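K.L.:
Mind folding the following:
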Amino acid sequence: MFDFLTAQAAAHANLRLHCGYGPVRFALRFGDDTTYVVIDPSGLHLYAAEPEPGVDFSMAASVAAWMELQKPLPKPGFQTLSAMRRTRNLTVTGNMTTFFQHMMLLEMLFSNLSGDGHGEEKPFDAPEIEAVTGRYLRLNLEGKPHRLYFEEAGEGVPLICLHTAGSDGRQFRHILNDTEITDRFRVIAFDLPWHGKSSPPAGFEADVYELTTDRYVGVTMALVDALGLERPVVMGCSIGGRAVLHLALRQGARFRAAVGLQSALYAQDVSLGDPQPERALHRPDIHGGTLAGASMAGMIAPQSPSAERWETMWHYMQGGPGIFLGDIHYYFKDGDLRNGLADALKDSPCPLYLLSGEYDPSATPEMGREVAELANAAHFEVMMGMGHFPMSENPALFREYLLPVLDKILAA
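P.N.:
Residues are numbered from 1 along each chain as shown. Model prediction:
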(Lines give C-alpha, C1' and ligand atoms only; values in the text may rest on other atoms or scores of the structure.)
Protein backbone atom coordinates (compact mmCIF):
# COMPACT_ATOMS: atom_id res chain seq x y z
CA MET A 1 0.00 0.00 0.00
CA PHE A 2 2.88 2.37 0.70
CA ASP A 3 5.32 1.44 -2.06
CA PHE A 4 4.77 4.87 -3.60
CA LEU A 5 6.76 6.44 -0.75
CA THR A 6 10.06 5.17 -2.15
CA ALA A 7 9.46 6.87 -5.49
CA GLN A 8 8.26 10.05 -3.80
CA ALA A 9 11.44 10.24 -1.73
CA ALA A 10 13.67 9.68 -4.77
CA ALA A 11 11.87 12.29 -6.90
CA HIS A 12 12.47 15.38 -4.77
CA ALA A 13 15.72 17.05 -3.80
CA ASN A 14 14.05 18.53 -0.73
CA LEU A 15 13.12 15.07 0.48
CA ARG A 16 16.66 13.85 0.01
CA LEU A 17 17.85 16.87 1.98
CA HIS A 18 15.49 16.05 4.85
CA CYS A 19 16.73 12.47 4.86
CA GLY A 20 20.16 13.78 5.79
CA TYR A 21 18.83 14.95 9.14
CA GLY A 22 17.49 11.51 10.07
CA PRO A 23 17.02 8.98 11.15
CA VAL A 24 13.29 9.16 11.78
CA ARG A 25 11.29 6.00 12.30
CA PHE A 26 7.50 5.73 12.17
CA ALA A 27 4.75 3.17 11.80
CA LEU A 28 1.85 3.27 9.34
CA ARG A 29 -1.10 1.36 10.71
CA PHE A 30 -4.11 0.22 8.67
CA GLY A 31 -6.56 -2.24 10.18
CA ASP A 32 -4.55 -5.05 11.79
CA ASP A 33 -1.52 -4.44 9.56
CA THR A 34 1.51 -2.18 9.95
CA THR A 35 4.23 -0.92 7.64
CA TYR A 36 7.36 0.60 9.17
CA VAL A 37 9.28 3.45 7.58
CA VAL A 38 12.85 4.54 8.29
CA ILE A 39 14.31 7.71 6.80
CA ASP A 40 18.06 8.12 7.21
CA PRO A 41 20.96 9.61 5.22
CA SER A 42 20.78 6.69 2.79
CA GLY A 43 17.14 7.35 1.90
CA LEU A 44 13.71 5.94 2.72
CA HIS A 45 13.18 2.29 3.56
CA LEU A 46 10.04 0.20 4.16
CA TYR A 47 9.95 -2.76 6.56
CA ALA A 48 7.39 -5.34 7.60
CA ALA A 49 8.92 -5.69 11.08
CA GLU A 50 9.52 -2.95 13.62
CA PRO A 51 13.05 -1.57 13.35
CA GLU A 52 15.44 -1.15 16.26
CA PRO A 53 15.23 0.77 18.52
CA GLY A 54 11.51 1.16 17.85
CA VAL A 55 9.52 3.99 16.23
CA ASP A 56 9.25 7.68 17.07
CA PHE A 57 5.54 7.89 16.28
CA SER A 58 2.69 6.04 14.61
CA MET A 59 0.07 7.18 12.11
CA ALA A 60 -3.11 5.12 11.98
CA ALA A 61 -6.02 5.30 9.54
CA SER A 62 -8.45 2.93 7.90
CA VAL A 63 -7.51 1.21 4.67
CA ALA A 64 -10.18 3.27 2.91
CA ALA A 65 -8.72 6.51 4.30
CA TRP A 66 -5.18 5.68 3.18
CA MET A 67 -6.46 4.78 -0.28
CA GLU A 68 -8.48 8.01 -0.51
CA LEU A 69 -5.39 10.06 0.36
CA GLN A 70 -3.52 8.52 -2.58
CA LYS A 71 -6.13 9.50 -5.16
CA PRO A 72 -5.33 12.38 -7.55
CA LEU A 73 -8.41 14.23 -6.26
CA PRO A 74 -9.24 12.99 -2.76
CA LYS A 75 -12.52 13.87 -1.10
CA PRO A 76 -12.56 16.94 1.19
CA GLY A 77 -10.83 16.08 4.43
CA PHE A 78 -8.48 13.55 2.82
CA GLN A 79 -6.28 15.80 0.67
CA THR A 80 -3.26 15.70 3.03
CA LEU A 81 -2.16 14.17 6.32
CA SER A 82 -2.94 17.37 8.21
CA ALA A 83 -6.40 17.53 6.64
CA MET A 84 -7.01 13.93 7.72
CA ARG A 85 -5.96 14.85 11.27
CA ARG A 86 -8.28 17.86 11.33
CA THR A 87 -11.19 15.70 10.23
CA ARG A 88 -10.17 12.91 12.63
CA ASN A 89 -9.54 10.41 9.84
CA LEU A 90 -5.93 10.00 10.99
CA THR A 91 -4.58 9.45 14.48
CA VAL A 92 -0.97 10.24 15.38
CA THR A 93 0.54 8.90 18.60
CA GLY A 94 4.03 8.80 20.06
CA ASN A 95 6.67 11.53 20.06
CA MET A 96 4.71 14.51 18.75
CA THR A 97 7.76 16.78 18.75
CA THR A 98 9.46 14.51 16.23
CA PHE A 99 6.25 14.36 14.19
CA PHE A 100 6.01 18.14 14.04
CA GLN A 101 9.72 18.49 13.22
CA HIS A 102 9.18 16.32 10.14
CA MET A 103 5.65 17.41 9.21
CA MET A 104 6.65 19.17 5.98
CA LEU A 105 8.65 16.12 4.93
CA LEU A 106 5.67 13.88 5.71
CA GLU A 107 3.26 16.06 3.75
CA MET A 108 5.58 16.01 0.74
CA LEU A 109 5.88 12.23 0.97
CA PHE A 110 2.20 11.40 1.37
CA SER A 111 0.33 14.24 -0.28
CA ASN A 112 -0.06 15.31 -3.87
CA LEU A 113 1.87 18.53 -3.32
CA SER A 114 4.30 18.27 -6.19
CA GLY A 115 1.67 18.79 -8.87
CA ASP A 116 2.03 17.96 -12.55
CA GLY A 117 3.04 21.38 -13.82
CA HIS A 118 -0.58 22.45 -14.27
CA GLY A 119 -1.02 26.14 -13.73
CA GLU A 120 2.66 27.06 -13.87
CA GLU A 121 3.17 30.65 -14.94
CA LYS A 122 4.57 31.19 -18.42
CA PRO A 123 7.77 33.22 -18.84
CA PHE A 124 7.22 36.95 -19.27
CA ASP A 125 7.45 38.32 -22.79
CA ALA A 126 9.39 41.33 -21.52
CA PRO A 127 10.09 43.16 -18.24
CA GLU A 128 7.01 44.98 -16.97
CA ILE A 129 6.26 47.10 -13.91
CA GLU A 130 3.00 46.10 -12.27
CA ALA A 131 0.39 48.79 -11.66
CA VAL A 132 0.63 48.19 -7.91
CA THR A 133 1.97 50.83 -5.54
CA GLY A 134 3.42 49.97 -2.14
CA ARG A 135 3.65 52.64 0.58
CA TYR A 136 4.01 53.04 4.32
CA LEU A 137 1.42 54.73 6.50
CA ARG A 138 2.72 56.31 9.70
CA LEU A 139 0.14 56.22 12.48
CA ASN A 140 -0.27 55.57 16.18
CA LEU A 141 -1.86 52.33 17.33
CA GLU A 142 -2.58 51.86 21.01
CA GLY A 143 -0.36 54.84 21.75
CA LYS A 144 2.67 53.47 19.87
CA PRO A 145 4.01 54.73 16.53
CA HIS A 146 3.74 52.19 13.71
CA ARG A 147 4.71 52.04 10.04
CA LEU A 148 1.87 50.15 8.37
CA TYR A 149 2.67 48.81 4.92
CA PHE A 150 -0.03 48.65 2.27
CA GLU A 151 -0.28 48.09 -1.46
CA GLU A 152 -2.97 49.51 -3.70
CA ALA A 153 -4.08 49.53 -7.30
CA GLY A 154 -7.04 50.84 -9.24
CA GLU A 155 -9.67 53.53 -8.86
CA GLY A 156 -13.25 53.60 -7.66
CA VAL A 157 -14.92 52.13 -4.61
CA PRO A 158 -12.30 51.31 -1.96
CA LEU A 159 -11.89 47.55 -1.41
CA ILE A 160 -9.88 46.75 1.73
CA CYS A 161 -8.37 43.25 1.85
CA LEU A 162 -7.61 41.49 5.14
CA HIS A 163 -5.08 38.65 4.99
CA THR A 164 -5.08 35.36 6.88
CA ALA A 165 -3.36 34.47 10.16
CA GLY A 166 0.43 34.31 9.98
CA SER A 167 0.60 35.65 6.43
CA ASP A 168 0.45 39.11 4.83
CA GLY A 169 -1.06 41.19 2.04
CA ARG A 170 0.84 39.36 -0.71
CA GLN A 171 -2.03 36.89 -0.71
CA PHE A 172 -4.04 39.44 -2.70
CA ARG A 173 -1.49 40.13 -5.46
CA HIS A 174 -3.69 38.58 -8.14
CA ILE A 175 -6.63 40.80 -7.19
CA LEU A 176 -4.36 43.85 -7.19
CA ASN A 177 -3.36 42.97 -10.78
CA ASP A 178 -6.85 42.12 -12.08
CA THR A 179 -7.95 45.03 -14.26
CA GLU A 180 -11.55 43.81 -14.30
CA ILE A 181 -11.51 44.60 -10.57
CA THR A 182 -9.16 47.58 -10.44
CA ASP A 183 -11.06 49.41 -13.19
CA ARG A 184 -13.92 49.73 -10.68
CA PHE A 185 -12.30 49.36 -7.26
CA ARG A 186 -9.38 50.93 -5.43
CA VAL A 187 -7.95 47.71 -4.00
CA ILE A 188 -5.99 48.17 -0.76
CA ALA A 189 -4.17 45.25 0.89
CA PHE A 190 -2.27 46.00 4.11
CA ASP A 191 0.02 43.98 6.34
CA LEU A 192 -1.15 43.80 9.93
CA PRO A 193 1.40 45.08 12.46
CA TRP A 194 4.18 42.49 13.01
CA HIS A 195 3.37 40.93 9.60
CA GLY A 196 5.05 41.18 6.22
CA LYS A 197 6.61 44.62 5.80
CA SER A 198 4.75 46.13 8.78
CA SER A 199 7.50 45.86 11.36
CA PRO A 200 6.61 45.55 15.04
CA PRO A 201 6.76 48.75 17.11
CA ALA A 202 9.89 49.72 19.03
CA GLY A 203 10.30 47.61 22.14
CA PHE A 204 8.71 44.53 20.58
CA GLU A 205 11.50 42.34 21.94
CA ALA A 206 10.06 42.75 25.43
CA ASP A 207 6.49 42.05 24.33
CA VAL A 208 4.48 39.00 23.30
CA TYR A 209 2.40 39.46 20.17
CA GLU A 210 -1.27 38.57 20.55
CA LEU A 211 -4.09 39.59 18.24
CA THR A 212 -7.47 40.49 19.73
CA THR A 213 -10.82 41.60 18.35
CA ASP A 214 -10.25 45.16 19.56
CA ARG A 215 -6.84 45.31 17.91
CA TYR A 216 -8.03 43.93 14.58
CA VAL A 217 -11.01 46.27 14.42
CA GLY A 218 -8.86 49.14 15.66
CA VAL A 219 -6.12 48.86 13.05
CA THR A 220 -8.65 48.46 10.22
CA MET A 221 -10.59 51.54 11.25
CA ALA A 222 -7.36 53.49 11.76
CA LEU A 223 -6.45 52.72 8.15
CA VAL A 224 -9.90 53.75 6.94
CA ASP A 225 -9.67 57.07 8.78
CA ALA A 226 -6.05 57.79 7.85
CA LEU A 227 -6.70 57.21 4.13
CA GLY A 228 -10.04 59.06 4.24
CA LEU A 229 -11.99 56.15 2.80
CA GLU A 230 -15.72 56.74 2.39
CA ARG A 231 -17.87 53.64 2.90
CA PRO A 232 -15.35 51.11 1.60
CA VAL A 233 -16.00 47.45 0.95
CA VAL A 234 -14.03 45.18 3.26
CA MET A 235 -13.04 41.64 2.25
CA GLY A 236 -11.22 39.27 4.57
CA CYS A 237 -10.20 35.62 4.61
CA SER A 238 -9.86 33.26 7.60
CA ILE A 239 -9.12 35.55 10.57
CA GLY A 240 -9.96 38.31 8.10
CA GLY A 241 -13.23 36.52 7.40
CA ARG A 242 -13.95 36.64 11.12
CA ALA A 243 -12.86 40.27 11.33
CA VAL A 244 -15.38 41.38 8.69
CA LEU A 245 -18.10 39.98 10.96
CA HIS A 246 -16.82 42.04 13.88
CA LEU A 247 -16.55 45.11 11.65
CA ALA A 248 -20.13 44.62 10.47
CA LEU A 249 -21.22 44.37 14.10
CA ARG A 250 -19.26 47.32 15.46
CA GLN A 251 -18.84 49.65 12.47
CA GLY A 252 -21.45 48.46 9.98
CA ALA A 253 -22.57 51.96 8.99
CA ARG A 254 -19.03 52.79 7.87
CA PHE A 255 -18.93 50.07 5.21
CA ARG A 256 -20.73 49.63 1.92
CA ALA A 257 -20.48 45.83 2.17
CA ALA A 258 -18.43 43.05 3.73
CA VAL A 259 -17.16 39.99 1.84
CA GLY A 260 -16.31 37.06 4.10
CA LEU A 261 -14.03 34.36 2.72
CA GLN A 262 -14.02 31.27 4.95
CA SER A 263 -16.06 33.13 7.56
CA ALA A 264 -17.18 31.15 10.60
CA LEU A 265 -18.36 31.99 14.09
CA TYR A 266 -15.54 29.96 15.65
CA ALA A 267 -12.67 27.61 14.90
CA GLN A 268 -11.45 24.47 16.61
CA ASP A 269 -8.01 23.16 15.74
CA VAL A 270 -7.13 19.49 16.16
CA SER A 271 -4.25 19.43 13.69
CA LEU A 272 -1.31 20.18 15.94
CA GLY A 273 -1.89 17.75 18.79
CA ASP A 274 -3.09 18.00 22.39
CA PRO A 275 -3.30 19.39 25.01
CA GLN A 276 -1.99 22.76 23.73
CA PRO A 277 -1.90 22.35 19.96
CA GLU A 278 -0.78 25.85 19.10
CA ARG A 279 2.35 25.70 21.27
CA ALA A 280 4.09 23.53 18.68
CA LEU A 281 4.25 26.64 16.48
CA HIS A 282 6.64 28.49 18.80
CA ARG A 283 9.20 26.12 20.28
CA PRO A 284 13.00 26.20 20.03
CA ASP A 285 13.11 22.56 18.94
CA ILE A 286 10.59 22.94 16.09
CA HIS A 287 10.89 25.24 13.08
CA GLY A 288 7.67 27.20 13.46
CA GLY A 289 7.65 28.52 9.90
CA THR A 290 8.07 25.12 8.32
CA LEU A 291 5.40 23.66 10.59
CA ALA A 292 3.02 26.52 9.76
CA GLY A 293 3.51 25.96 6.04
CA ALA A 294 3.04 22.22 6.36
CA SER A 295 -0.13 22.70 8.41
CA MET A 296 -1.59 24.97 5.75
CA ALA A 297 -1.04 22.31 3.07
CA GLY A 298 -4.07 20.51 4.44
CA MET A 299 -6.21 23.63 4.05
CA ILE A 300 -5.65 23.86 0.29
CA ALA A 301 -7.73 22.05 -2.32
CA PRO A 302 -5.91 19.39 -4.36
CA GLN A 303 -7.15 21.06 -7.56
CA SER A 304 -5.15 24.21 -6.80
CA PRO A 305 -2.17 24.75 -9.12
CA SER A 306 1.16 23.71 -7.65
CA ALA A 307 2.82 27.13 -8.05
CA GLU A 308 0.05 29.00 -6.25
CA ARG A 309 -0.25 26.31 -3.58
CA TRP A 310 3.44 26.53 -2.72
CA GLU A 311 3.47 30.33 -2.81
CA THR A 312 0.63 30.34 -0.29
CA MET A 313 2.60 27.98 1.95
CA TRP A 314 5.77 30.04 1.47
CA HIS A 315 4.13 33.12 2.96
CA TYR A 316 3.46 31.07 6.09
CA MET A 317 7.02 29.79 6.21
CA GLN A 318 8.24 33.41 6.31
CA GLY A 319 6.20 34.54 9.31
CA GLY A 320 7.99 36.02 12.31
CA PRO A 321 8.49 33.93 15.47
CA GLY A 322 5.25 33.61 17.42
CA ILE A 323 3.17 35.65 14.96
CA PHE A 324 0.99 32.81 13.69
CA LEU A 325 0.54 31.74 17.31
CA GLY A 326 -0.55 35.26 18.28
CA ASP A 327 -3.00 35.45 15.39
CA ILE A 328 -4.77 32.20 16.18
CA HIS A 329 -5.37 33.48 19.71
CA TYR A 330 -7.92 35.71 18.00
CA TYR A 331 -9.13 32.94 15.70
CA PHE A 332 -9.66 30.31 18.39
CA LYS A 333 -10.40 32.36 21.49
CA ASP A 334 -10.84 36.14 21.60
CA GLY A 335 -12.74 36.39 18.31
CA ASP A 336 -15.11 33.48 19.01
CA LEU A 337 -18.64 34.66 18.19
CA ARG A 338 -20.58 31.90 19.91
CA ASN A 339 -21.35 34.42 22.64
CA GLY A 340 -24.65 35.69 21.26
CA LEU A 341 -23.18 38.84 19.73
CA ALA A 342 -23.45 37.42 16.23
CA ASP A 343 -27.24 37.50 16.46
CA ALA A 344 -27.03 41.23 15.75
CA LEU A 345 -25.49 40.63 12.31
CA LYS A 346 -28.94 40.40 10.75
CA ASP A 347 -29.57 43.98 11.87
CA SER A 348 -26.26 45.38 10.66
CA PRO A 349 -26.50 48.10 7.99
CA CYS A 350 -23.54 46.40 6.28
CA PRO A 351 -24.69 43.68 3.83
CA LEU A 352 -22.72 40.46 4.11
CA TYR A 353 -21.53 38.35 1.17
CA LEU A 354 -20.05 34.95 2.06
CA LEU A 355 -17.95 32.51 0.04
CA SER A 356 -16.78 29.20 1.52
CA GLY A 357 -14.31 26.71 0.04
CA GLU A 358 -15.37 23.10 -0.44
CA TYR A 359 -12.05 21.70 0.80
CA ASP A 360 -11.58 23.82 3.92
CA PRO A 361 -11.54 21.61 7.06
CA SER A 362 -11.17 24.62 9.39
CA ALA A 363 -14.05 26.88 8.27
CA THR A 364 -16.20 24.34 6.49
CA PRO A 365 -19.03 25.15 4.08
CA GLU A 366 -21.46 24.10 6.81
CA MET A 367 -19.94 26.67 9.17
CA GLY A 368 -20.19 29.34 6.48
CA ARG A 369 -23.82 28.47 5.87
CA GLU A 370 -24.45 28.82 9.61
CA VAL A 371 -23.20 32.41 9.50
CA ALA A 372 -25.20 33.15 6.35
CA GLU A 373 -28.46 31.93 7.89
CA LEU A 374 -27.82 33.72 11.18
CA ALA A 375 -26.93 37.01 9.51
CA ASN A 376 -29.50 36.79 6.71
CA ALA A 377 -26.57 37.30 4.34
CA ALA A 378 -27.06 38.96 0.99
CA HIS A 379 -25.15 36.11 -0.65
CA PHE A 380 -23.72 32.72 0.27
CA GLU A 381 -22.00 30.26 -2.04
CA VAL A 382 -19.78 27.23 -1.73
CA MET A 383 -16.72 27.50 -3.96
CA MET A 384 -16.25 24.04 -5.44
CA GLY A 385 -12.65 22.85 -5.80
CA MET A 386 -11.42 25.55 -3.44
CA GLY A 387 -9.80 25.48 -0.01
CA HIS A 388 -9.06 27.98 2.75
CA PHE A 389 -7.07 30.52 0.68
CA PRO A 390 -9.12 31.19 -2.48
CA MET A 391 -7.44 34.44 -3.48
CA SER A 392 -3.94 32.93 -3.45
CA GLU A 393 -4.28 29.16 -3.92
CA ASN A 394 -6.38 29.30 -7.09
CA PRO A 395 -6.88 32.93 -8.20
CA ALA A 396 -8.21 32.07 -11.65
CA LEU A 397 -11.02 29.97 -10.21
CA PHE A 398 -11.66 32.41 -7.36
CA ARG A 399 -12.35 35.36 -9.65
CA GLU A 400 -15.23 33.36 -11.19
CA TYR A 401 -16.91 33.46 -7.78
CA LEU A 402 -15.75 36.94 -6.74
CA LEU A 403 -16.64 38.99 -9.82
CA PRO A 404 -20.41 38.31 -9.62
CA VAL A 405 -20.32 39.27 -5.93
CA LEU A 406 -18.57 42.55 -6.71
CA ASP A 407 -21.14 43.20 -9.46
CA LYS A 408 -23.94 42.74 -6.92
CA ILE A 409 -22.26 45.12 -4.48
CA LEU A 410 -21.92 47.85 -7.09
CA ALA A 411 -25.51 47.36 -8.25
CA ALA A 412 -26.98 47.51 -4.73
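
K.L.:
in the stretch 101-250 of the chain, which spans are strands?
P.N.:
Using DSSP state E, counting those that start in this stretch, the strands of the stretch 101-250 of the chain run over residues 133-141, 144-153, 157-162, 185-190, 233-237.

K.L.:
got the ones you listed as CSV, with distance to Pro321 and mean neighbour count columns?
P.N.:
Using the backbone N, CA and C atoms, a C-beta is placed for each residue, glycine as well. Compiled in CSV, the strands of the stretch 101-250 of the chain are given as follows (distance: least, C-beta to C-beta, whole Å; neighbours: other C-beta atoms under 10 Å):
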stretch, distance to Pro321, mean neighbour count
strand 133-141, 21, 12
strand 144-153, 19, 19
strand 157-162, 22, 25
strand 185-190, 21, 24
strand 233-237, 23, 28
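
K.L.:
okay, these in CSV with distance to Gly340 and mean pLDDT next?
P.N.:
As requested, those are exported to CSV (distance: least, C-beta to C-beta, whole Å; pLDDT from 0 to 100):
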stretch, distance to Gly340, mean pLDDT
strand 133-141, 29, 98
strand 144-153, 33, 98
strand 157-162, 24, 98
strand 185-190, 31, 98
strand 233-237, 22, 98
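
K.L.:
For the longest helix seen in the chain, buried residues please.
P.N.:
Once the chain is assigned using DSSP state H, the helix that runs over the most residues is helix 395-411. Neighbour counts over helix 395-411 (16 or more other C-beta atoms under 10 Å) mark 395, 397-399, 401-402, 405-406, 409 as buried.

K.L.:
which helices and strands does that helix pack with?
P.N.:
Helix 395-411 sits against strand 157-162, helix 173-176, helix 179-182, strand 257-261, strand 352-357, strand 379-383, helix 390-393, with contacts defined as 3 or more C-beta pairs under 8 Å, 6 or more residues apart in numbering; DSSP states H and E.

K.L.:
ok so, going back, with distance to Leu28 as added columns, please give the strands of the stretch 101-250 of the chain in CSV.
P.N.:
CSV is the format used below for the strands of the stretch 101-250 of the chain (distance: least, C-beta to C-beta, whole Å):
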stretch, distance to Leu28
strand 133-141, 46
strand 144-153, 44
strand 157-162, 40
strand 185-190, 42
strand 233-237, 34
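
K.L.:
buried stuff in stretch 97-104?
P.N.:
For stretch 97-104, using 16+ other C-beta under 10 Å, the buried residues are 98-104.

K.L.:
Likewise for stretch 189-202?
P.N.:
189-201.

K.L.:
distance between the ends of it?
P.N.:
Start and end residues of stretch 189-202 are separated by 23 Å (C-alpha to C-alpha, to the nearest Å).

K.L.:
chain center to it: distance?
P.N.:
18 Å (C-alpha atoms, centre = their mean, to the nearest Å).

K.L.:
what do you get for stretch 283-299?
P.N.:
How far stretch 283-299 lies from its chain's middle: 12 Å, per C-alpha atoms, centre = their mean.

K.L.:
same thing with stretch 363-378?
P.N.:
19 Å.

K.L.:
and if you look at stretch 232-241?
P.N.:
With C-alpha atoms, centre = their mean, you get 13 Å for stretch 232-241.

K.L.:
Out of the helices and strands packed on helix 395-411, which one sits most buried?
P.N.:
Greatest average neighbour count among the helices and strands packed on helix 395-411 goes to strand 257-261 (a mean of 29), per mean count of other C-beta atoms under 10 Å.

K.L.:
What strands line up against that strand, and which way round?
P.N.:
According to DSSP bridges, strand 257-261 forms sheet pairs with strand 233-237 (parallel), strand 352-357 (parallel).

K.L.:
Kindly present those as TSV, with separate columns for distance to Leu261.
P.N.:
TSV is the format used below for the strands paired with strand 257-261 (distance: least, C-beta to C-beta, whole Å):
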stretch	distance to Leu261
strand 233-237	4
strand 352-357	5
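
K.L.:
Which of these sits closest to Met317?
P.N.:
Nearest of the strands paired with strand 257-261 to Met317, taken as C-beta to C-beta: strand 233-237 at 18.2 Å.

K.L.:
Strand 157-162 and the closest one, what's the angle between them?
P.N.:
Counting by axes from the mean of the first three to the mean of the last three C-alpha atoms, to 10 degrees, strand 233-237 points 20 degrees away from the direction of strand 157-162.

K.L.:
sorry, back to before: among the helices and strands packed on helix 395-411, which is nearest Thr212?
P.N.:
Comparison of the helices and strands packed on helix 395-411 against Thr212 by C-beta to C-beta identifies strand 157-162 as nearest, at 14.9 Å.

K.L.:
Run through the neighbouring helices and strands of the closest one.
P.N.:
Packing partners of strand 157-162 (3+ C-beta pairs under 8 Å, 6+ apart): strand 185-190, helix 213-227, strand 233-237, helix 239-251, helix 395-411.

K.L.:
Need the ones you listed in CSV (columns: distance to Pro302).
P.N.:
Shown next, in CSV, are the helices and strands packed on strand 157-162 (distance: least, C-beta to C-beta, whole Å):
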stretch, distance to Pro302
strand 185-190, 27
helix 213-227, 31
strand 233-237, 19
helix 239-251, 22
helix 395-411, 13
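
K.L.:
where does the protein have low pLDDT?
P.N.:
16, 19-22, 113-120, 269-278 (pLDDT under 70).

K.L.:
got the contact list for Asn177?
P.N.:
Asn177 sits next to 130-132, 153 when contact means C-beta atoms under 8 Å, 6 or more residues apart in numbering.

K.L.:
Mind picking the one among the residues you listed that's closest to Glu180?
P.N.:
The closest of the contacts of Asn177 to Glu180 turns out to be Ala153 (C-beta to C-beta; 12.2 Å).
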